[in-house]
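[1] Got a predicted structure plus its sequence, pasted below:
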Amino acid sequence: MSDSSPTPCSWDALLAAAGLPRLDARALLESVSGQGREWLLAHGDEPAPAQARSRFETLAMRRRQGEPLAYLLGSREFLGRWFTVCPDVLVPRPETEGLVEAALELLDAMAALDRPARQPLRVIDLGTGSGVIAISLALARPKLRISATDASAQALGVARGNARSLGTGPIHWHLGDWWAAVPPTAGPFDLVVSNPPYLADDDAHLLDPALTHEPRMALACGPRGMEAIEAIIAGAIGRMSPGGWLAFEHGAAQGAATRACLLGEGFTEVQTHRDLAGLDRITRGRSLGR
C-alpha cells in the first residue's frame, strides 16, 4: 500500500501541519511562496525552500496566537480592491462596505438635484484609518471633493499610500482629532461619513485575542462607547451644507442612542439601517444647516 501522506517539508506538509483553518493556512502559504492556489495544488508534493518554510511557520504561529490574518498578509480586500493594512490601522470589516454603499446612495440623490451654485459635492471621512471609505468613494465618484482626517499620523501615512497605489484623485488629508483637524475653509460638507470607535473602554469584546492586536484608539472611545459619535454629531453643526447628510457606523446596541443624539441636535430624516446579520449598524441624518 502506498503512503498518501504529504512528503516531509513539502508545501502540502506545511499546510497539513499549520494547525489553522485551511483557508487561513492556504492564504499564508500563497503569501510566502509567491504562488497562487492552482500552482500550489499542482506542486504541493514538491519540497518548499527552507526560507519559505521558516517564514510560513512563523506566520502560522502568530495566526494561532490571534494576530489578524490581514496584518500577516499586509493587505485586506474591501469592495473588490486590496488595501494595505498594518497594526497602525483597523482591519476593514464587511459592515463598513455597507456604510460606503449607503454613502454612495446619498451622494447620487444629492447629485441628481439641480445644484448650480456649488459643485462638486464635498465629503469628509472622519477617522479614516486605512482610508477605505474615502478612497472607495473617490474611486467610485471621481468628481467629489474629499477630505479625510485621523488622529494618528501613522494611519494617515497608510491611507495616503493606499490612495497612491489605487490611483485616486486628490484627497485632502488632515491630522487631528475629529473636527479639530478640519480647517474652516474645507467645508461646508454635503456628506460627513465616519466609522468611529464605538466600544466602551471596559467592553468585553476588547479581550478578544484578535482585537488586542488592533489599535485601541480605533476601537474604544470612553466609558460609554458613545463619546466619539457624540463629538462627530455635535461638531457637524455649522460645518454642513443645508440638506447635507451625516452617516456613520456604530455598535449593534447603539441605534436608539445615536438616533436620539441626531434628533437632539436638530437632524431630520433620521434612520438606522441593519447589516446582513440583521443588526443595527448604520445611522444617518439630514442637516438643516446652521
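    Structure's in. What do you need?

[2] hey, let's count contacts and neighbours off CA atoms from now on
    Will do.

[3] Moving C-terminal from the host helix or strand of residue 24, which element do we reach first?
    Taking DSSP states H and E as the definition, residue 24 sits inside helix 22-33. For helix 22-33, the succeeding helix or strand toward the C-terminus, using DSSP H and E, is helix 37-43.

[4] Name the residues that touch that next one?
    Helix 37-43 has contacts (C-alpha atoms under 8 Å, 6 or more residues apart in numbering) with 11, 26, 30.

[5] I'd like to know how far the second one sits from residue 113.
    What that stands for is residue 26. 49 Å (C-alpha to C-alpha, to the nearest Å).

[6] So those two - more neighbours on which side?
    Remark: of residue 26 and residue 113, residue 26 carries more neighbours, 21 against 8, as counted by other C-alpha atoms under 10 Å.

[7] I'd assumed residue 17 was in contact with the more buried one.
    No: counting by C-alpha atoms under 8 Å, residue 26 stays clear of residue 17, with 11.6 Å between them.

[8] mean confidence score for the longest strand that the chain contains?
    Longest strand in the chain, counting residues (DSSP state E): strand 240-249. Here strand 240-249 scores 94 as its mean pLDDT.

[9] Next secondary structure element downstream of it?
    helix 255-264.

[10] The helix or strand that comes right after that following helix: how far from the chain's middle?
    Later in the chain than helix 255-264, the nearest helix or strand by DSSP H and E is strand 268-274. The chain centre lies 21 Å from the centre of strand 268-274; the measure is C-alpha atoms, centre = their mean, to the nearest Å.

[11] so what's residue 289 scoring on pLDDT?
    On the pLDDT scale, residue 289 gets 61.

[12] Mind jotting down where the strands sit in the stretch 101-250 of the chain?
    Ranges of strands in the stretch 101-250 of the chain, per DSSP state E, counting those that start in this stretch, are 122-126, 145-150, 171-175, 189-194, 199-200, 220-222, 240-249.

[13] orientation of the second one relative to strand 122-126 in degrees?
    Angle, strand 145-150 to strand 122-126, by axes from the mean of the first three to the mean of the last three C-alpha atoms, to 10 degrees: 10 degrees.

[14] From the contacts of helix 37-43, which one has the minimum pLDDT?
    For the contacts of helix 37-43, the pLDDT minimum is residue 11, 86.

[15] Distance of that one relative to residue 238?
    59 Å.

[16] who's more crowded, these two?
    residue 11 (25 against 15).

[17] Tell me who's in contact with that one.
    Here residue 11 is in contact with 29, 40, 43, 44, 45, 46, 47, 48 (C-alpha under 8 Å, 6+ apart).

[18] Need the residue closest to the centroid of the protein.
    residue 92 (3.2 Å; C-alpha atoms, centre = their mean).

[19] so the closest residue to residue 254 other than its chain neighbours bridges to which residues?
    Distance criterion C-alpha to C-alpha, 6 or more residues apart in numbering; nearest residue to residue 254, sequence neighbours excluded, is residue 280 at 7.4 Å. Beta-bridge partners for residue 280, by DSSP bridges, are residue 274.

[20] Which residues are in contact with residue 280?
    Counted by C-alpha under 8 Å, 6+ apart, residue 280 has contacts 250, 251, 252, 253, 254, 255, 272, 273, 274.

[21] what's the pLDDT at it?
    Reading off the model, residue 280 has pLDDT 93.

[22] Any figure for the gap between it and residue 18?
    Separation of residue 280 from residue 18 (C-alpha to C-alpha): 37 Å.

[23] repeat for residue 29
    The spacing between residue 29 and residue 18, counted by C-alpha to C-alpha, is 10 Å.

[24] Between the two, which is the more surrounded one?
    residue 29 (27 against 21).

[25] element containing the nearest residue to that one once chain neighbours are set aside, please.
    Among residues not flanking residue 29 along the chain, residue 56 sits closest, at 6.5 Å (C-alpha to C-alpha, 6+ apart). Per DSSP H and E, residue 56 falls inside helix 50-64.

[26] in the helix or strand encompassing residue 16, what's buried?
    Secondary structure assignment for residue 16, by DSSP H and E: helix 11-17. In terms of neighbour count (16 or more other C-alpha atoms under 10 Å), helix 11-17 has its buried residues at 11, 12, 13, 14, 15, 16.

[27] shaky segments in the protein?
    1-8, 114-118, 289-290 (pLDDT under 70).

[28] max-length helix in it?
    Across the chain, the helix with the greatest residue count (assigned by DSSP state H) is helix 94-111.
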